[in-house]
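Participant: Pasted the sequence and its predicted model underneath.
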Amino acid sequence: MRILISNDDGIYSPGIAALAEVASQFGTVHVVAPDVERSSSGHAITASRPLSSRVTRVGSLSASRVDGTPADCVALGAHLWGKVDVVLSGLNLGLNLGTSIWHSGTLAAAKQAALLGLRGVALSAPAGVDDYAELKPWLHRVLETVLPDPTLTLVNVNFPRHPRGLVWTRVSVRQYDGRIVPTEDPLGRTMYWFTVKPLVGADEGTDRWALEQGWVSLTPLTLDLTDQARLADVHRRRPLDEDRAVAMATRSSPDQARAVREDETPASLSQVAVEPEE
Ligand code: MN
């Protein structure tokens, strides 16, 4: 198995070294990661200038250091290395739970894999963990679970500090943790942090709930953001032009027309049949 590894904390993060070490037990690993931290960069790509890729090392592995975003790194890495089976992103220094998946560069690297028709797994641990000895066996178990299953094309994984087991979860979307906090620069001018506030209390079965309970959270994701239930609903309640065209075409098919004729009373038929006189 050919495993491409990236992250959003930068190629010299201890998290990516830990991930590369464990992933090496599952196949051939190549690391392609941003040269500096690109956390919270989401799924940005660098389209206004070319990218550079320079050889470096992560642990005992040869690696590529790219002056771009996590999504850039995955696209470039998959292009240059070729025949990638799966992209692993992380191990992020900080959790990526609930609505944070919209901002996460860690998840963006995994999403970029899915966009390329590859498989992507994002892996995050709590900020402040500086020794991965306790998490490595759990990381191994997650990869053992996810990698052999080709139906898992995009998965978001989060590790608590002291895991007690693994659990499948859904995304916690009911609450948003982003907020603006004003501050002052040294000259007394008002400035603003766009930061996060800790959330407590999560719905059972969600990723945030899992972490609160000490579980390793595995959330299968899809790239399709379509709200299927809402789509069916608006087709019915607020038909647009194409809905009407389809309805007309259906009505004017011979079978449909016969069905409609049989349903209608002679009175209503005569109203429909009246042609304006010349
Ligand atoms: Mn990060």
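Facilitator: Now that the structure is in, tell me what you want to look at.

Participant: Count residues in the vicinity of L97, would you?
Facilitator: L97: 26 surrounding residues under other C-beta atoms under 10 Å. Backbone N, C-alpha and C define where each C-beta goes, glycine included.

Participant: Rank the helices and strands of this structure by mean pLDDT and give me the bottom one.
Facilitator: helix 266-273 (a mean of 47; mean pLDDT, DSSP states H and E).

Participant: so what's the residue of the stretch 51-200 of the chain found nearest the ion up against?
Facilitator: Relative to the ion, the nearest point of the stretch 51-200 of the chain is N92 (4.5 Å; C-beta to the ion). Taking C-beta atoms under 8 Å, 6 or more residues apart in numbering, we find N92 in contact with 7-9, 15, 39, 104, 106, 122-125.

Participant: can you narrow those residues to ones near the ion?
Facilitator: 8-9, 39 (C-beta under 5 Å from the ion).

Participant: Can you tell me which of these has the most neighbours?
Facilitator: D8 (33 neighbours).

Participant: Output the below-cut-off pLDDT ranges for the stretch 151-278 of the chain.
Facilitator: 256-278 (pLDDT under 70).

Participant: quick one, strands of it?
Facilitator: Counting by DSSP state E, counting those that start in this stretch, the stretch 151-278 of the chain has strands at residues 154-158, 165-168, 178-184, 190-196, 215-220.

Participant: Residues of the chain that sit close to the ion?
Facilitator: Residues of the chain lying close to the ion (C-beta under 5 Å from the ion) are 8-9, 39, 92.

Participant: Can you lay out these as a markdown table showing pLDDT and distance to L147?
Facilitator: Below are these laid out as a markdown table (pLDDT from 0 to 100; distance: C-beta to C-beta, whole Å):
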| residue | pLDDT | distance to L147 |
| --- | --- | --- |
| D8 | 98 | 21 |
| D9 | 98 | 22 |
| S39 | 96 | 25 |
| N92 | 98 | 19 |
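
Participant: Tell me which two in the residues you listed are the farthest apart.
Facilitator: Farthest apart among the residues of the chain next to the ion by C-beta to C-beta are S39 and N92. That separation is 7.7 Å.

Participant: anything in contact with each of the two?
Facilitator: With C-beta under 8 Å, 6+ apart as the test, S39 and N92 both reach 8-9, 106.

Participant: Helices - which of these land there?
Facilitator: The members of the shared contacts of S39 and N92 that map onto helices under DSSP state H are T106.
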